[in-house]
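**Student:** This is a predicted model, with the sequence first.
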Amino acid sequence: MPETVVQSDEVADIPWWVKRRHELGAYLTSGVLHLFLLLLMAFYILPIARQDSAFLLIADNKVANDPAFDPMQNFEIVSHLPEVMPSDVPQSISVPAQKIVDDPGTTLDIDLDLKELVMAAEASKFLESLPLKGEFGGRTDQGRAVMSRAFGGTAGSEHAVADGLEWLKRHQRENGSWSFNHTGKKCDETCTHPGNLGNATVGATSMAILCFIGAGHTHRKGAYQEQVARGLEFILSQKEKASEKGDFRQIVSGNSGMYTQGITAIMLCELHGLTRDKEVGKAALDAIKFIVDAQHPRNGGWRYQPGDEQGDTSVVGWQVMAQTSARMSRITVSAKSRKLAEKFLDSVQLENGAYYGYTSPGKSPSMTAVGLLCRMYQGWDKTQPAMQVGVAHLSQLGPSRDNMYYNYYATQVMRHWGGEEWKKWNEVMREMLVQSQDKEGHSQGSWVPRDPHGPTGGRHYMTCLAILTLEVYYRHLPIYQQQSVEQSRRGRETAP
């Protein structure tokens with residue numbers, strides 16, 4: 001027999017809708033309780049990102065496969081689809097991502113899901129937290145995270161830098177140096193295009209070290225501490241062989257010597273600024289003094305030999321950058337020398353400084369990029385009409401597919417300028433370099449030279465310039481934003 005359910009008259013007399021309300025209330029209470037438990041579990045499994053978390057990014061870039069593409073015509077830049085997740089999420093519930101940190105305990109991340117306004121505010125807050133002269137603050141883990149996030153870096157660009165540094169590591173020679181003729185016993189048929197300036201090992205070594213320290217690796221810390229230390233030891237050993245104090249040219253004849261001097265001085269100044277190593281600082285000071293003494297005393301230029309009467313903008317650019325790096329590293333630079341350099345730039349400019357030539361007034365894209373960057377570091381601000389015209393000119397030209405030297409300087413100009421011009425430039429420059437990097441074989445991580453100087457500098461030269469260009473987000477802090485932050489800070493300090 002079926003079981004008979006007996007209800008009291010009191011229960012039976014309760015209207016149906018009252019009973020339904022009580023039942024719904026029970027269901028609602030149960031649902032809220034279960035939702036609360038699920039949220040607790042979610043927070044346990046996917047904790048909110050903290051300062052000590054590592055971040056991952058999904059980047060979906062699609063470009064033409066032809067390595068000889070025209071970047072302005074054939075690029076299809078697909079918007080990035082980011083996914084930020086802690087490094088300790090089990091693989092079974094994570095999404096495919098490229099890790100862009102060496103140390104899972106660091107905060108080096110690029111989270112492109114943040115709104116531009118938030119990223120800009122974060123960058124300003126970071127800059128404001130630095131000492132007044134914290135020009136190398138972007139090379140810390142926190143600095144690289146913030147500056148990359150704010151200024152357009154991606155997982156792909158950081159992965160390209162990492163692969164590039166690995167290629168340099170594989171091609172360091174037994175005595176700690178690098179060579180523009182990068183080939184060796186381990187190179188296979190993919191590692192082509194050696195440079196013919198194989199004897200300029202000081203210059204090649206300095207360029208390689210610049211790449212490592214551009215990402216914060218020094219001879220005292222970092223994943224490439226050993227490589228930087230061995231390279232530095234080689235550089236310092238060469239100064240003992242020079243006939244003059246502070247002379248790092250290595251090859252005193254021909255046209256490579258003063259280029260090597262400028263590049264090596266930049267490297268020593270940056271390394272000193274990052275580590276405060278006294279021996280490095282002394283070498284940097286001597287290198288800068290040699291540059292000052294090599295400047296022509298009347299026209300303010302530099303060229304192939306110390307005191308050359310005719311300067312050229314290309315060599316001048318490296319010497320001005322060396323003096324700029326010295327000042328960033330708290331090394332005093334002669335004010336007279338800086339003024340003389342301005343005099344030389346005046347002699348090769350057009351339209352009051354919007355364009356620059358090589359040894360005379362002109363409108364060369366490369367020399368215009370060099371001249372404008374020098375002017376930025378000499379104090380020209382965004383209100384200068386010539387600076388506005390020059391930047392607009394570079395923006396219209398866009399990145400070059402066959403002149404990395406131009407790209408290296410112009411990228412720095414556009415990075416410091418910022419705004420829409422930088423965003424437009426960066427999207428093309430970044431993806432062009434990421435996609436044209438060799439992806440397999442012993443050459444993985446390097447770039448085939450596409451540059452007028454390619455036969456001379458070869459794959460090593462091209463790879464170093466490409467790495468330095470992809471480190472632009474954090475290698476140097478943005479001049480104009482930094483100035484704005486410093487002015488704001490000083491204004492608050494002087495307010496009643």
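**Tutor:** In hand now; what should we look at?
**Student:** Neighbours of Asp188, how many?
**Tutor:** By other Cβ atoms under 10 Å, 9 other residues sit near Asp188. Backbone N, C-alpha and C define where each C-beta goes, glycine included.
**Student:** Over to the one 4 residues further on?
**Tutor:** Here the count is done by other Cβ under 10 Å, and Thr192 has 17 residues near it.
**Student:** Specify the local secondary structure of it.
**Tutor:** coil (DSSP: H, G, I helix; E, B strand; the rest coil).
**Student:** quick check: domain ranges of the protein?
**Tutor:** 122-150+471-496, 152-331, 348-436 (automatic domain parsing).
**Student:** what about the second one, average pLDDT?
**Tutor:** So that's domain 152-331. Mean per-residue pLDDT for domain 152-331: 95.
**Student:** picking up where we left off before, select, out of the domains of the chain, the one closest to Gly445.
**Tutor:** domain 152-331 (3.4 Å; Cβ to Cβ).
**Student:** Endpoints of the closest one, how far apart?
**Tutor:** Across domain 152-331, the terminal residues are separated by 31 Å (Cα to Cα, to the nearest Å).
**Student:** still on that earlier bit, got a markdown table for the domains of the chain, with distance to Gly445 too?
**Tutor:** Shown next, in a markdown table, are the domains of the chain (distance: least, Cβ to Cβ, whole Å):
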| stretch | distance to Gly445 |
| --- | --- |
| domain 122-150+471-496 | 14 |
| domain 152-331 | 3 |
| domain 348-436 | 12 |
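**Student:** contacts for the helix or strand containing Val413?
**Tutor:** Using DSSP states H and E, Val413 sits within helix 404-417. For helix 404-417, the external contacting residues (Cβ atoms under 8 Å, 6 or more residues apart in numbering) are 151, 317, 365-366, 369-370, 372-373, 376, 382, 390-391, 394-395, 397, 399-400, 421-422, 425-426, 429, 447, 449-453, 462, 465-466, 468-469, 472-473, 476, 478-480.
**Student:** repeat that for 7 Å
**Tutor:** With contact meaning Cβ atoms under 7 Å, 6 or more residues apart in numbering, helix 404-417 is reached by 151, 317, 365-366, 369-370, 372-373, 376, 391, 394, 399-400, 421-422, 425, 429, 450-451, 453, 462, 465-466, 468-469, 472, 478-480.
**Student:** ditto for stretch 272-279
**Tutor:** Against stretch 272-279 from outside (Cβ under 7 Å, 6+ apart): 136, 139, 213, 218, 220, 271, 280-281, 284, 328-329.
**Student:** which of the residues you listed are buried?
**Tutor:** When these are checked for burial by 16 or more other Cβ atoms under 10 Å, the buried set is 136, 139, 213, 218, 271, 280-281, 284, 328-329.
**Student:** Adding distance to Gly176, write the contacts of stretch 272-279 out as a markdown table.
**Tutor:** Output for those, formatted as a markdown table (distance: Cβ to Cβ, whole Å):
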| residue | distance to Gly176 |
| --- | --- |
| Phe136 | 23 |
| Arg139 | 22 |
| Ile213 | 15 |
| Thr218 | 15 |
| Arg220 | 16 |
| Leu271 | 14 |
| Val280 | 15 |
| Gly281 | 20 |
| Ala284 | 19 |
| Met328 | 26 |
| Ser329 | 23 |
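**Student:** Among the residues you listed, which lie within helices?
**Tutor:** Those of these mapping onto helices are 213, 271, 280-281, 284, 328, per DSSP state H.
**Student:** And the residues you listed, which is closest to Tyr356?
**Tutor:** Met328 (23.2 Å).
**Student:** picking up where we left off before, tell me which two of the contacts of stretch 272-279 sit farthest apart.
**Tutor:** Arg220 and Met328 (18.4 Å).
**Student:** quick revisit: which one of the domains of the chain lies nearest to His442?
**Tutor:** domain 152-331 (4.5 Å).
**Student:** Val315 touches His296, doesn't it?
**Tutor:** No. The criterion here is Cβ atoms under 7 Å, and Val315 misses it with His296 at 11.2 Å.
**Student:** Of the two, which one has the most company?
**Tutor:** Each of Val315 and His296 has its neighbours counted (other Cβ under 10 Å); Val315 has more, 23 against 18.
**Student:** How much space separates that one from Ile209?
**Tutor:** Distance, Val315 to Ile209, by Cβ to Cβ, to the nearest Å: 21 Å.
**Student:** Then Gly379?
**Tutor:** Relative to Ile209, and taking Cβ to Cβ, Gly379 is found at 29 Å.
**Student:** Between those two, point out the one with more neighbours.
**Tutor:** Ile209 (31 against 11).
**Student:** related to what we said a few turns ago, just send the ones in helices among the contacts of stretch 272-279 back as a markdown table, with distance to Pro361 too.
**Tutor:** Shown next, in a markdown table, are these (distance: Cβ to Cβ, whole Å):
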| residue | distance to Pro361 |
| --- | --- |
| Ile213 | 36 |
| Leu271 | 36 |
| Val280 | 39 |
| Gly281 | 38 |
| Ala284 | 33 |
| Met328 | 30 |
